[in-house]
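A.B. asks: Got a predicted structure here, sequence first:
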Amino acid sequence: MAPLIGTRSRLIYIGDLASTRAKDFAMLDVVVVGGGYVGLSVAVSIKQAAPHLAVEVIEAAPEDAWKKDPRASAIISAATKMLDVFGIWDRIEPDAQPINRMIVTDSKTSDPVRPVFLTFDGAVEDGRPFAHMIPNVSMVAALRGACTDRGITIRHGLRATDFRDTGPSAELTLSDGSKLNARLIVACDGVRSKLRDLAGIKTVTWQYGQSGIVTTVEHERPHEGIAEEHFLPAGPFAILPLKGNRSSLVWTERTEDADRLVASDDLVFEAELERRFGHKLGTIRATPDRRAFPLGLTLARAFIAPRLALAGDAAHGIHPISGQGLNLGFKDVAALAETVVEADRLGLDIGSINVLERYQIWRRFDTFRMGVTTDVLNRLFSNDITPIRVLRDFGLGIVEGLPALKNYFIREAAGSAGNNNPRLLAGQQI
């Protein structure tokens, strides 16, 4: 029996005390805060390439909350290659709808005809569709399964409340009072990241006065894998194909109008929806789940601090006009995993600022460029100023007439442009 320590109120076994301290101050290699797409992918990518590293995920939501998410997301070709490396694309693909073609229009809501200014075929150079639409539940289920297969623990219902760089490691305090020590903390805790604030990392932030209404529409006729983006005066109205006769909508409106529409009854909502959706797919019906999300731009001034790296929305939140927000997060995953794993193989400290600087250099310019691009596109197309409409439609027409330029844009959208992509996005092991 272990010896006892006497106190006025109780007796404590020394062995029990040591066990409690070990639990409260568990030493890990990597702790990922945030159990969404990006956080789970960070954990899987690092653990797969370096199985000896101790990796844990901290998730604020209850254990089964992810099963109630009705949304779907556009996943680019490069990201599907990474999921293939993880060994989970075969699990996801049966639920994934390829985007075979994309068309772009520019019109008013009241226009009886919406001329098509730009079309993109969906295939990139390796024959893959440039993107797939995937239900969130399918993606998260596959990533959680990959965590289980690799022995990665996911702790639910916990938030990070404090973060301190202690030199050789970081100390992370959780909402239940427990503490974790890790060589590297990865913040994937969203656009309002608590860890980013605790680390003193500032952001460039502004709001657009717009909200994105997200819902699913059932329609009479098949969509044939065609995605559409209608540029309307209040903002883009995107129709994205799902499996079966269903489509996912990302419908941008001024915030006050979006709130009114989401709160309205089904008859009013569907009448407004039909004005924008049209009749090309026959009778339509919106499913009951509809939500509005405020839209803005948030760019972290730094992606790293000692013992801390930001990824996904914690590092950047952009307008959905290009459909690239989540895919920027997957690019973060691939770059960070390659940085961490290669440093570990060289015997370097994976949480040191010198190691993490490579990740920051790799990702910050691309993120800034995409943030500026989406900001300019939103300001350019979310208005009804006649001279601007004429100029932007002229520009779309020029792109339509230049196949080489169109090919570059579709490769850029698919994540296959450039020669500095992380290996995971090329479908290669780290």
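C.D. replies: Yep, that arrived. Numbering: from 1, shown residues only.
A.B. asks: what's the span of stretch 50-63, first residue to last?
C.D. replies: Stretch 50-63 has an end-to-end distance of 26 Å (CA to CA, to the nearest Å).
A.B. asks: Distance from it to the middle of the chain?
C.D. replies: 18 Å (CA atoms, centre = their mean, to the nearest Å).
A.B. asks: contacting residues around that stretch?
C.D. replies: If you take CB atoms under 8 Å, 6 or more residues apart in numbering as the criterion, stretch 50-63 is touched by 27-35, 39-40, 43, 46-47, 147, 150, 152-160, 172, 174, 180, 182, 189, 340-341, 344-345. For the C-beta atoms, the positions are set from N, CA and C on the backbone; glycine is no exception.
A.B. asks: List only buried entries from the residues you listed.
C.D. replies: 28-35, 39-40, 43, 46-47, 147, 152, 154-155, 158, 160, 172, 174, 180, 182, 189, 340-341, 344 (16 or more other CB atoms under 10 Å).
A.B. asks: among those, which are in helices?
C.D. replies: 39-40, 43, 46-47, 147, 340-341, 344 (DSSP state H).
A.B. asks: Can you check which helix is longest in this protein?
C.D. replies: helix 353-381.
A.B. asks: What residues sit buried inside the next helix-or-strand element following that one?
C.D. replies: Following helix 353-381 in sequence order, the next helix or strand is helix 386-400 (DSSP states H and E). Buried residues in helix 386-400, defined by neighbour count with 16+ other CB under 10 Å: 389, 392-393, 396, 399-400.
A.B. asks: go on, stretch 78-91?
C.D. replies: So stretch 78-91, judged by 16+ other CB under 10 Å, has buried residues 78-83, 85-86, 88-89, 91.
A.B. asks: How about stretch 213-228?
C.D. replies: 213-217, 219, 223, 225-228.
A.B. asks: Show the end-to-end separation of it, please.
C.D. replies: 16 Å.
A.B. asks: Same check on stretch 289-308?
C.D. replies: 36 Å.
A.B. asks: Disregarding flanking residues, what is the spatial nearest neighbour of the residue nearest the centre of the chain?
C.D. replies: Central residue of the chain (CA atoms, centre = their mean): residue 326, 2.6 Å from the mean position. Spatially, and ignoring its direct neighbours in sequence, residue 326 is nearest to residue 73 (5.3 Å; CB to CB, 6 or more residues apart in numbering).
A.B. asks: just to confirm, which helix or strand has that neighbour in it?
C.D. replies: Here residue 73 is assigned to strand 72-76, by DSSP H and E.
A.B. asks: Pull up the pairing partners for that strand, direction included.
C.D. replies: Strand pairing for strand 72-76, using DSSP bridges, gives strand 131-135 (antiparallel).
A.B. asks: Now find how far off-centre the partner strand is within its chain.
C.D. replies: With CA atoms, centre = their mean, you get 13 Å for strand 131-135.
A.B. asks: can you list contacts of that strand?
C.D. replies: Strand 131-135 is contacted from outside by 71-77, 80, 92-93, 95-99, 122, 227, 240-242, 248, 323, 413-414, using CB under 8 Å, 6+ apart.
A.B. asks: which of the residues you listed are buried?
C.D. replies: 72-77, 80, 92-93, 95-99, 122, 227, 240-242, 248, 323, 413-414.
A.B. asks: my read: residue 79 touches residue 426, true?
C.D. replies: No - applying CB atoms under 8 Å, one finds residue 79 not in contact with residue 426, separated by 11.5 Å.
A.B. asks: In contact with residue 381, which residues?
C.D. replies: 106, 231, 235-236, 321, 392.
A.B. asks: which residues touch residue 121?
C.D. replies: 100-101, 410.
A.B. asks: what do you get for residue 388?
C.D. replies: Contacts of residue 388 by CB under 8 Å, 6+ apart are residue 380.
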